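Visitor: Output the structure for:
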Amino acid sequence: MESLNDRLKRQAAEKAAGAKVSAETEGEGAAGDGRPPQAPPSAETGGRFDPEKKKYFIAIGLLAVLVAFLSYKVSQQSSTIDAQETGIEQLDQERASLEFDLEKMRFSYDTLSVENGLMMAEMAAQRGEIDGLLAKVRDRNYKVSRLKKEAGTLRRIMQGYVVTIDSINQLNIALVEENTAMQEEVSAVKKENEALVQRQDDMEEIIQAGQVLQAMDLMPQAIRIMSNGAQRKTDRAKRAEMIKTCFTLMESRVAKPGARTLTMEVVGPDSAVVSVSRAVDYAGERLEACIFWTAVEPLATGTYTVHLIDQGERISTADLILR
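Guide: Prediction:
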């Protein structure tokens, strides 16, 4: 296709050739009638401006305006892209900072030490919440502002545990010291004896709470029974025939050793609750065990919440997701 520049050159060449022929013709006429040759009319001599050139000048002007407009739009779009890239980089930095804070919070929970079974179970649940929030941060499908809010809530809960545990430790130290002193002076000081009895009652409440076993690493799994009797883990509801939940009972110097009945409570996606129990021989030492629940009907897809219960107290909780 002929370009505008080539077309202008061609028409200029044609006009030049036409002007040359005209000049030669006029020269010949002038030679025949004795009149001098006349110059072709122009804008300076009163001739009319070539309309074709006028059109081309207008087209060139419009093209210049269009080029300037497109340059402006490209510059504006580049600024928008730079701003978006800067925003994405800031979000990545905030997400990395939030992940680091959650890791520190998780480590802080690991360093906390308490012999109260109920509090231990609660702290284990909070560690699970932190792990879940870490997964959301790494998933990048959640807003950073919302994740920061959830992290702030978990941080406040952890600070409350720190204060509570510190208070319990200080109270235990104080009780031991006072108990020793009161045993030496119990026959002489009645008021101190009464205070000691009261504090001993408080200690008994703490010890009673410590009778509940402590559990960790609760791991529910959906199991498919193969034709040879072997168990195979699955995450598909239509293939699952039972739920197997393994866990670790922690060592305890407070809980009484002996036979214990533990209950696994399973809350299905439809909020239906089923439970199954088993007995364990607890000797006060670390013990690993599993509880099985065989489904009588095909399992539905969704999230199953599994609770481990000892003496009516939920000591550990975990979720199982079936597709």
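Visitor: any idea how this structure splits into domains?
Guide: 110-209, 215-322 (automatic domain parsing).
Visitor: Quick one, which of those gets closest to residue 53.
Guide: Closest of these to residue 53 is domain 110-209, at 60.8 Å (criterion: C-beta to C-beta). (Glycine included, C-beta is placed from N, CA and C.)
Visitor: So for that closest one, mean pLDDT?
Guide: Mean pLDDT, domain 110-209: 69.
Visitor: same thing with stretch 56-66?
Guide: For stretch 56-66, the per-residue pLDDT averages 83.
Visitor: one step back: so which of the domains of the chain comes closest to residue 65?
Guide: The nearest among the domains of the chain, by C-beta to C-beta, is domain 110-209 at 43.6 Å.
Visitor: Now render the domains of the chain as CSV, adding mean neighbour count and distance to residue 70.
Guide: Output for the domains of the chain, formatted as CSV (neighbours: other C-beta atoms under 10 Å; distance: least, C-beta to C-beta, whole Å):
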stretch, mean neighbour count, distance to residue 70
domain 110-209, 14, 35
domain 215-322, 15, 52
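Visitor: so which of the ones you listed gets nearest residue 94?
Guide: Nearest to residue 94 among those is domain 110-209 (5.1 Å), distances taken as C-beta to C-beta.
Visitor: For the domains of the chain, give me JSON lines that also has distance to residue 90.
Guide: Shown next, in JSON lines, are the domains of the chain (distance: least, C-beta to C-beta, whole Å):
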{"stretch": "domain 110-209", "distance to residue 90": "9"}
{"stretch": "domain 215-322", "distance to residue 90": "33"}
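Visitor: Which residue is the nearest non-sequential neighbour of residue 249?
Guide: Distances taken as C-beta to C-beta, 6 or more residues apart in numbering place residue 287 nearest to residue 249, at 4.3 Å, with adjacent residues excluded.
Visitor: pLDDT score for that neighbour?
Guide: pLDDT for residue 287: 92.
Visitor: Quick check: which element contains the residue lying closest to residue 215 once chain neighbours are set aside?
Guide: What sits nearest to residue 215 in space, not counting adjacent residues and going by C-beta to C-beta, 6+ apart, is residue 316, at 4.2 Å. For residue 316, the enclosing helix or strand under DSSP states H and E is strand 313-322.
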